[in-house]
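Novice: turn this into a structure:
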Amino acid sequence: MMRNFLFALTVVLFAASCSTKEEYKVYGKIENGEGKMLYFERLDMSNTVALDSLKLKKDGKFTFSGDRLDEPTFFLLKLSDNNFITLLADTVEKVEVAADAVNFTSSCRIQNSIGSAFIQILNKRHIVLRDTVDALVGEYTKLGKKDAVRKQQIADELTTTINEHKKLVGEFVMDNPRSFASYYALFQRFSDNTLIMNVMDKNDQVFFSTIATSLNVLYPESERVKHLYNYVLEAKVRQQRDKFNEMLMSQAEESGFPDIEEETVDGKKVKLSSLKGKVVILSFWASWDDNSRKHNAQLKKLYKKYKGKDFEIYQVSLDRSKVLWESAIEKDNLPWINVSDLRYTDSYPARVFNVKQLPANFIISRKGDIVGKDLFGSRLDEKIKELY
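Specialist: Numbers count the residues shown, from 1 in each chain. Sure thing, here's the model as predicted:
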């Protein structure tokens, strides 16, 4: 009898331990999803990990769960690769999701998860930004040479739109310095996959540093936190290197110039140093800058005059969009070497040569010495003539 009692007690204790098992749960209901597959994945740093899946029944109910989370973790609830909801769950949260399969992302309502609610807010803002930027860029690419005024308006609108979004992100980050949602906000991207927030920009870097420091105190072993911390550290190291390069540039007239190597629109890498022995105009420009486009007209006259006389133009674009860059080269019919790393104001060549405004240029002699800087109009003509 005692043996039966002990066995019964063991069963009860085991059942009790199971019922109090610490786990997170994602559950809810998806309307109009009968027969569709619903996938549950974990979003890691470099890939997604499939955790579970099920076929939705008529009632649309679903439940996914797992062991207690050691840190806030990103998950994807997917109907397809292009139709998903991002969640941010923590410890033993019971995240409730209600949505309609017809408008899965926009109809989603989340309860019991502050992190997931934050992600929803950030994604809605992000969608508005991307749609606005894509529409403006699309309009810009269709404009011709006679539409200079509208092009400048679009460039101004893009700048204002992006800056306003950055301000919202900055406010969110400072209000939520201990949330992984702030990490998520810092790494959102434009449609061309470039980051919206720029760690090399002194204003944006404040937010990266704030989150890196705050999360490092709470989650020092987190892969994401280590990544962010190192990302900020590397940016600061690069800035120190840039200061050193600026010092080199201050001595450029006596000691030559730092070399750069970037890709043309065709993907061919060209070194500036490969042009040694020629008179070179190192020109910095951008498709969205009207003054740059006007300066190109003067450069074309010089190129036509000195082509075939050991003369070359090595032009670096500070564009972000390859489409706009390539389109401008074709419209302006630019025949010389044109390269870019498509990193906008974070352009490595521009930082190395300490370019502060556009257009900018450096005149390089056959010996490889910088003999002039930011010369335009007749002054540029005269300097090139002196070298022949």
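Novice: so Ala328 sits in a strand?
Specialist: No: going by DSSP: H, G, I helix; E, B strand; the rest coil, the assignment for Ala328 is helix, not a strand.
Novice: confidence score at it?
Specialist: According to the model's per-residue confidence, Ala328 sits at a pLDDT of 91.
Novice: now do Asp147
Specialist: 85.
Novice: ok, His305 to Leu299 distance?
Specialist: Wrong residue type there; residue 305 is Lys, not His. 11 Å (C-beta to C-beta, to the nearest Å). Heads up, the C-betas are built off the backbone N, CA and C, glycines and all.
Novice: more crowded one of those two?
Specialist: More crowded of Lys305 and Leu299, by other C-beta atoms under 10 Å: Leu299, with 22 against 14.
Novice: tell me which element that one is part of?
Specialist: According to DSSP states H and E, Leu299 maps onto helix 290-306.
Novice: for whichever helix or strand comes after that helix, packing partners?
Specialist: Per DSSP H and E, the first helix or strand lying C-terminal to helix 290-306 is strand 311-317. Applying 3 or more C-beta pairs under 8 Å, 6 or more residues apart in numbering; DSSP states H and E, we find strand 311-317 packed against strand 279-285, helix 290-306, strand 337-339.
Novice: so which of these is the most surrounded?
Specialist: With neighbours defined as mean count of other C-beta atoms under 10 Å, the helices and strands packed on strand 311-317 peak in mean count at strand 279-285, which reaches a mean of 23.
Novice: restrict it to CA atoms and write it as CSV.
Specialist: Only the C-alpha atoms of strand 279-285 are listed here, as CSV (Å, rounded to 0.1, in the frame of the first residue of the first chain):
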residue,chain,number,x,y,z
VAL,A,279,47.5,65.0,-65.0
VAL,A,280,44.4,64.0,-63.0
ILE,A,281,41.3,65.9,-61.8
LEU,A,282,40.0,64.0,-58.8
SER,A,283,36.3,65.2,-58.7
PHE,A,284,33.7,64.6,-56.1
TRP,A,285,30.0,64.9,-57.1
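Novice: so how far is it off the chain centroid?
Specialist: 28 Å (C-alpha atoms, centre = their mean, to the nearest Å).
Novice: give me the sheet partners of that strand and which way each runs.
Specialist: Applying DSSP bridges, strand 279-285 is found paired with strand 311-317 (parallel), strand 360-364 (antiparallel).
Novice: what sits up against the shortest one?
Specialist: In this case it means strand 360-364. With contact meaning C-beta atoms under 8 Å, 6 or more residues apart in numbering, strand 360-364 is reached by 252, 257, 275, 279-284, 353, 370-376, 380, 383-384, 387.
Novice: who does the helix holding Leu299 touch, helix- and strand-wise?
Specialist: helix 148-175, strand 279-285, strand 311-317, helix 322-332, helix 378-386.
Novice: and the spatially most central residue of the chain, how close does it get to Ala155?
Specialist: For the chain, Leu195 is the residue whose C-alpha lies nearest the centre (C-alpha atoms, centre = their mean; 1.0 Å). To Ala155, Leu195 is 20 Å away according to C-beta to C-beta.
Novice: from what I see, Thr48 and Phe75 are in contact.
Specialist: No: Thr48 is not in contact with Phe75 according to C-beta atoms under 8 Å; the separation is 9.3 Å.
Novice: pick out whichever of the two has more residues nearby.
Specialist: Of the pair Thr48 and Phe75, Phe75 is the one with more neighbours under other C-beta under 10 Å, namely 25 against 16.
Novice: got the contact list for that one?
Specialist: Contacts of Phe75 (C-beta under 8 Å, 6+ apart): 26, 40-43, 51, 86-89.
Novice: switch to 10 Å and redo it
Specialist: 24, 26, 40-43, 48-49, 51, 64, 66, 69, 84-89, 95, 116 (C-beta atoms under 10 Å, 6 or more residues apart in numbering).
Novice: what about stretch 37-48, how long is it end to end?
Specialist: 17 Å (C-alpha to C-alpha, to the nearest Å).
Novice: for it, which positions count as buried?
Specialist: By neighbour count on 16 or more other C-beta atoms under 10 Å, the buried set for stretch 37-48 is 38-43, 48.
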